[in-house]
Each structure stands twice: as structure tokens, then as C-alpha cells.
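Undergrad: Provide a 3D model corresponding to the input given below.
(one chain, ligands or ions: 1)
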Amino acid sequence: MTAPLAYRRVLLKLSGEALMGDEDYGIDPKVLNRLAREVIEAREAGAEISLVIGGGNIFRGAGLAAGGMDRVTGDQMGMLATVINALAMQDALEKLGAKCRVMSAIKINDVCEDYIRRRAVRHLEKGRVCIFAAGVGSPYFTTDSGAALRAIEIGADLLLKATKVDGVYDKDPKKHPDAKRYARLGYDEVIARDLQVMDTAAFALCRDAELPLRIFDMSEPGVLLRILRGEDIGTLVQG
Ligand code: UDP
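TA: Numbering: from 1, shown residues only. Predicted coordinates:
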């Protein structure tokens, strides 16, 4: 018998770079497809699943500003990049038979819905995957903040942050072979040890709302469902 799910409603944050695969820009359709399959697997196991996808595979405001562009314009371009990624993921999910809605924090409602919390919750209850695009809708924020905010608003049981590293370490595991991975951390420990879990504004939201957060590596097939079934994978941050 398969284990029941440990979490009912979750929000998965993927970075834009997660869609690139081995490319250095844009979206690799094979990677997108694999990620979509994982999401559908979790959905079919009974989870209400929503996604936030970054935009770093296309544009980041800070990078554009470093090249001389106005920061706010750069961030707006970054937010639009997250909409592009969200539309690509919606397409991949729908091709595989899932029902999906992209909801944007900035109004571009010819291409997707505006984000309205009650509507988002209704979509999830009906079994649709929601992709929340354009972060919080304001410059100088990141999609980590968007993910934390939306997860809190929709009453998610867990925020899942997929990264290239399989959790949070006491030092950079690429540089230090003796680096140790934390299985669990308290919010205050993350701050006291100055661990880079997510950006400060996003982390403050999680801490204040006591939203549990799991940092994990999504490159291993099936890992999302295993986490939802309660396996202790990566690092769990909670109060
Ligand atoms: N962004 C923004 N406000 C938000 C979310 C994102 O201005 O609420 C912009 C910002 O320029 C950011 C870019 O969109 O760099 C892409 O998002 P992010 O860097 O979080 O993407 P990721 O690193 O996760 O791929």
C-alpha cells in the first residue's frame, strides 16, 4: 500500500535556471517536460500543488541594472520573464493532460489570469495546478518572496524550494568536502548562522508566518512525491 500524503497543499518554487538544463539561456523542453511529469505525479497522488518559477534563465533585474539599465525597468523585464516560464510550464502540463492556470501579479490578462487569492484556492480545490507568475508584482523583490507570500496566502502546508544542492550545508559543499548538511533547522538558527536559504525578505515572511520550508535537489526523479509522502529529504526549516 502506498503511504498517504504528509502534506495536502504545497507550493513548489523552481528557479528559472532549473528550466535551462544544460543550456545557458532559455528553456530546455526535455527538462520542462520532466519537471511537469513530476508535478503531475504529485497531483495525481492527491496533493494540491502550485508553482512559482523564477526568471533567471531569461532576465534578472539586478543583472540588467549592472549593465546600465534602470533597475525598475530591469525588474519589470524579470517579472515578464517569469510569466514566459509560467506559460511554458502551463503548456507542458496541459500537453500531459493536467489542468493548469497561470495567475500573474501584474495585469497581463490577455495571456493569463490576474492573481486573485480566492480564485487561486478554488482552482486548487478543483485539482488544477496554479502557477503564480510575476513574483509579488513589484520591483526589488524576487520570486522567492513571491513564493513565500503566495504559499502563506493560499494556506500551503509546506513551501518546497528546489535548488541545485540537496539541502542547506554549514559551508559550501562544492569547496569543502567536509561540509555537513543540516537535516533540520529552526528559523532562528538560519539567521544566527547566516545560512543562505533564500533571500532575507522571503525568509522573514516564512519565519513570521511559521511556514515550514524544505530545500531539496529536484534532479532526482520521483523526489517530489517522496517528500510529499513524508520522506526526510534535503533540509527542513521550521520553528
Ligand atoms: N522580480 C521582481 N519582483 C518580484 C519577482 C521577480 O522584480 O516580485 C524580477 C527581478 O528582477 C528578478 C527577476 O524578476 O531578478 C527574476 O526572478 P528571480 O531572480 O527570483 O528568478 P530565479 O533566480 O528564481 O530564477
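
Undergrad: For the protein, what lies in contact range of the ligand?
TA: For the chain, the contact set with the ligand under CB under 6 Å from any ligand atom comprises 15-17, 54-56, 60-62, 74-75, 78-79, 81-82, 135-136, 138-139, 141-146. Where C-beta positions appear, they are placed from N, C-alpha and C, glycine not excepted.

Undergrad: Just the buried ones from those residues?
TA: 15-17, 54-56, 60-61, 74-75, 78-79, 81-82, 135-136, 139, 141-146 (16 or more other CB atoms under 10 Å).

Undergrad: Wait, a strand at D110?
TA: No. Using DSSP: H, G, I helix; E, B strand; the rest coil, the secondary structure at D110 is coil, not a strand.

Undergrad: Okay, buried residues for the longest helix seen in the chain please.
TA: The longest helix of the chain (DSSP state H) is helix 71-95. Judged by neighbour count using 16+ other CB under 10 Å, the buried positions of helix 71-95 are 74-90, 92-93.

Undergrad: Select from the buried ones among the residues of the chain next to the ligand every entry located in helices.
TA: Using DSSP H, these in helices are 61, 74-75, 78-79, 81-82, 143-146.

Undergrad: Counting neighbours, what do you get for D28?
TA: 15 (other CB atoms under 10 Å).

Undergrad: Distance of the residue nearest to it when sequence neighbours are not counted relative to the ligand?
TA: Leaving aside its chain neighbours, D28 sits nearest to G21 (3.3 Å; criterion: CB to CB, 6 or more residues apart in numbering). As judged by CB to the nearest ligand atom, to the nearest Å, G21 and the ligand stand 14 Å apart.

Undergrad: do the same with L32
TA: L32 is 14 Å from the ligand, by CB to the nearest ligand atom.

Undergrad: Do I have it right that that residue meets A92?
TA: Yes. L32 is within contact range of A92, at 4.8 Å (criterion: CB atoms under 8 Å).

Undergrad: part of a strand, is the residue nearest to D28?
TA: No. Using three-state DSSP, the secondary structure at G21 is coil, not a strand.

Undergrad: Would you mind confirming that it makes contact with V31?
TA: Yes. Applying CB under 8 Å as the test, G21 and V31 come out as touching, 3.9 Å apart.

Undergrad: quick one: L228 from L80, how far?
TA: The gap separating L228 from L80 is 31 Å, by CB to CB, to the nearest Å.

Undergrad: sorry, that was for K95
TA: Distance from K95 to L80, by CB to CB: 23 Å.

Undergrad: likewise D172?
TA: 32 Å.

Undergrad: Under the pLDDT cut-off, which ranges of this structure? List them.
TA: Applying pLDDT under 70 to the chain flags residues 1.

Undergrad: Geometric centre of it: which residue is closest?
TA: What sits nearest the mean C-alpha location of the chain, by CA atoms, centre = their mean, is K13, with 0.5 Å.

Undergrad: For this structure, just list every one of the strands.
TA: Assignment of strands within the chain using DSSP state E yields the ranges 9-14, 48-53, 100-104, 113-114, 129-133, 158-163, 168-169, 181-182, 184-185, 213-217, 235-237.

Undergrad: could I get those strands as CSV with distance to A192?
TA: Formatted as CSV, those follow (distance: least, CB to CB, whole Å):
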stretch, distance to A192
strand 9-14, 24
strand 48-53, 27
strand 100-104, 36
strand 113-114, 40
strand 129-133, 31
strand 158-163, 20
strand 168-169, 13
strand 181-182, 13
strand 184-185, 10
strand 213-217, 16
strand 235-237, 13
